[in-house]
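**Q** can't give you the sequence, but here's the structure:
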């Protein structure tokens with residue numbers, strides 16, 4: 001059942017409630033990582049148009065920085081990728097990284113205290129993704145799944161497949177939206193301001209790194225509902241905040257969706273995740289976290305962190321990128337393309353829409369026709 005257009009969902013938007021309101025089945029599953037984080041996954045096991053009709057091929061969706069599984073369903077059945085894949089016959093699983101709205105538990109640590117937040121996106125790649133995907137394959141009885149990631153969900157994919165080679169046989173294909181690896185040509189104004197200070201080892205990193213960054217709160221939900229709705233004179237302010245995050249002057253931003261976006265995003269992360277990206281921006285490398293030469297020697301046996309072995313990834317990979325992306329610049333994506341094994345890189349699709357930005361890969365207007373139909377064809381034919 002589609003929601004009436006005038007219903008304000010901002011005070012109660014969650015992945016579960018939204019999927020239910022659109023009439024689809026939804027399940028929650030929990031898995032514990034080998035280092036103790038308890039993660040929640042959301043599953044749409046079948047389409048409301050078919051009901052349960054036997055086993056389906058499995059697809060796993062992984063969100064970006066400061067985001068959650070809600071990303072894939074906010075746009076509703078017409079444009080939300082999770083619904084599109086469900087209607088196309090897939091068993092759809094959506095992951096949630098440690099520290100976000102749905103994954104704020106640990107076997108022995110509380111998110112109230114700093115030790116809980118002592119992680120970054122490297123840990124999502126080597127702990128969270130393996131735990132979630134192993135669980136999905138075990139529960140479904142499938143030997144392989146297909147993977148879709150956005151932004152940090154692409155970074156963690158590169159980490160996983162650089163570090164843990166057993167997944168090469170478990171991932172049939174990977175479809176990476178706005179892929180983020182090398183970042184030294186990133187155009188984000190936030191990076192240009194913060195990079196010189198926080199993009200290199202120093203006392204501030206040690207002091208502030210293991211803490212929560214921008215958790216989703218009721219206040220954000222209320223602000224989105226009041227100030228960002230269609231009738232609000234202040235909606236332009238909300239629009240500019242999103243442009244600052246993702247890329248300027250996109251004509252594809254669905255302004256009607258802004259209250260829902262504000263209700264679920266930012267979903268929280270560790271400040272270390274931000275610091276690691278700023279290190280990539282400063283260094284020009286795609287490599288592990290830089291603790292400074294003294295600790296690096298202890299952690300890595302070298303004064304510099306090791307680079308990720310992107311060239312050694314032999315999972316079939318499809319890239320989708322755009323010109324107006326503040327985080328995945330054309331120059332950096334081109335370096336990624338040239339570094340990858342050509343036998344693994346099956347497609348590098350540059351969006352013809354020159355104003356398409358980082359967030360449009362999730363919530364752009366007419367995204368099904370503009371992008372997701374192409375992604376779906378690639379998934380089916382992989």
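**A** Perfect, thanks for sending it. Here the structure is a predicted model, which means the values were calculated and not measured.

**Q** Identify each buried residue in whichever strand or helix holds residue 161, please.
**A** If you go by DSSP states H and E, residue 161 is part of helix 152-163. For helix 152-163, burial by neighbour count (16 or more other C-beta atoms under 10 Å) applies to 152, 153, 154, 155, 156, 157, 158, 159, 160, 161, 162. Backbone N, C-alpha and C define where each C-beta goes, glycine included.

**Q** okay, now the closest residue to the second one other than its chain neighbours: neighbour count?
**A** Leaving aside its chain neighbours, residue 153 sits nearest to residue 62 (3.4 Å; criterion: C-beta to C-beta, 6 or more residues apart in numbering). Burial measure for residue 62: 32 neighbouring residues, criterion other C-beta atoms under 10 Å.

**Q** which residues of the protein score low on pLDDT?
**A** 1-12, 191-199, 202-209, 214-249 (pLDDT under 70).

**Q** In it, which residue sits furthest out from the middle?
**A** Distance to the chain centre peaks in the chain at residue 294, reaching 32.2 Å (criterion: C-alpha atoms, centre = their mean).

**Q** and that residue, that's in a strand?
**A** No: going by DSSP: H, G, I helix; E, B strand; the rest coil, the assignment for residue 294 is helix, not a strand.

**Q** Quick one: distance of the helix holding residue 161 to the chain centre.
**A** Distance of helix 152-163 from the chain centroid (C-alpha atoms, centre = their mean, to the nearest Å) equals 11 Å.

**Q** Residue 71: what secondary structure?
**A** helix.

**Q** for residue 174, that is, sorry about that
**A** strand.

**Q** show me the contacts for the closest residue in space to residue 307 that isn't next to it in sequence.
**A** Leaving aside its sequence neighbours, residue 307 sits nearest to residue 287 (C-beta to C-beta, 6+ apart; 4.4 Å). By C-beta atoms under 8 Å, 6 or more residues apart in numbering, residue 287 lies in contact with 280, 304, 305, 306, 307, 308.

**Q** One more: residue 322?
**A** For residue 322, counting by C-beta under 8 Å, 6+ apart, the contacting residues are 178, 247, 328, 350, 351, 353, 354, 356, 357, 358, 360, 361.

**Q** try residue 156
**A** By C-beta under 8 Å, 6+ apart, residue 156 lies in contact with 62, 97, 121, 124, 125, 128, 129, 149.

**Q** now with 6 Å?
**A** By C-beta atoms under 6 Å, 6 or more residues apart in numbering, residue 156 lies in contact with 121, 124, 125, 129.

**Q** right, and the second one touches residue 97 too?
**A** Yes: in this structure, residue 124 is within contact of residue 97 by C-beta atoms under 6 Å, at 4.7 Å.

**Q** now the strand or helix carrying residue 336, how far from the chain's geometric center?
**A** Secondary structure from DSSP H and E places residue 336 in helix 330-339. Distance of helix 330-339 from its chain centroid, counting by C-alpha atoms, centre = their mean, is 19 Å.

**Q** Mind listing residues that contact that helix?
**A** Residues external to helix 330-339 that are found in contact with it (C-beta under 6 Å, 6+ apart): 181, 182, 183, 185, 310, 311, 321, 348.

**Q** In the stretch 201-350 of the chain, what residue spans correspond to helices?
**A** 203-208, 218-227, 235-246, 258-264, 271-283, 293-300, 330-339 (DSSP state H, counting those that start in this stretch).

**Q** Quick check: buried residues in the fifth one?
**A** In other words, helix 271-283. Result for helix 271-283 [16+ other C-beta under 10 Å]: buried residues 271-283.

**Q** burial count for residue 303?
**A** By other C-beta under 10 Å, neighbour count at residue 303 equals 12.

**Q** wait, doesn't it sit right on residue 296?
**A** Yes: the pair residue 303 / residue 296 is scored as a contact, 5.4 Å apart, by C-beta under 6 Å.

**Q** what's near enough to touch residue 129?
**A** 156, 160.

**Q** what are the ranges of the strands in the protein?
**A** 27-32, 37-44, 58-62, 91-94, 105-106, 145-150, 171-177, 212-213, 269-270, 317-321, 345-350 (DSSP state E).

**Q** right, so of those, which gets closest to residue 76?
**A** If you check each of those against residue 76 by C-beta to C-beta, strand 37-44 wins as the nearest, at 13.0 Å.

**Q** Would you mind listing the buried residues in the closest one?
**A** Using 16+ other C-beta under 10 Å as the test for burial, strand 37-44 gives 37, 39, 40, 41, 42, 43, 44.

**Q** Stretch 84-98 too?
**A** 84-88, 90-98.

**Q** Touching it from outside, list them.
**A** With C-beta under 6 Å, 6+ apart as the criterion, stretch 84-98 contacts 37, 39-45, 47, 56-62, 68-69, 72, 82, 102-103, 124, 128, 132, 136, 372, 376.

**Q** From the opening residue of that stretch to its closing one, how far?
**A** Terminal residues of stretch 84-98 lie 26 Å apart, using C-alpha to C-alpha, to the nearest Å.

**Q** Stretch 142-152 now?
**A** 26 Å.

**Q** And stretch 262-279, by the same measure?
**A** Termini of stretch 262-279 sit 28 Å apart (C-alpha to C-alpha).

**Q** Can you verify my assumption that residue 135 contacts residue 33?
**A** No: with contact defined as C-beta under 6 Å, residue 135 does not reach residue 33; the gap is 10.3 Å.

**Q** Neighbour count for the two, which is higher?
**A** Taking other C-beta under 10 Å, residue 135 and residue 33 do not tie; residue 33 has more neighbours (22 against 17).

**Q** How much space separates the more buried one from residue 62?
**A** 14 Å (C-beta to C-beta, to the nearest Å).

**Q** again, but for residue 177
**A** Using C-beta to C-beta, residue 177 is found at 10 Å from residue 62.
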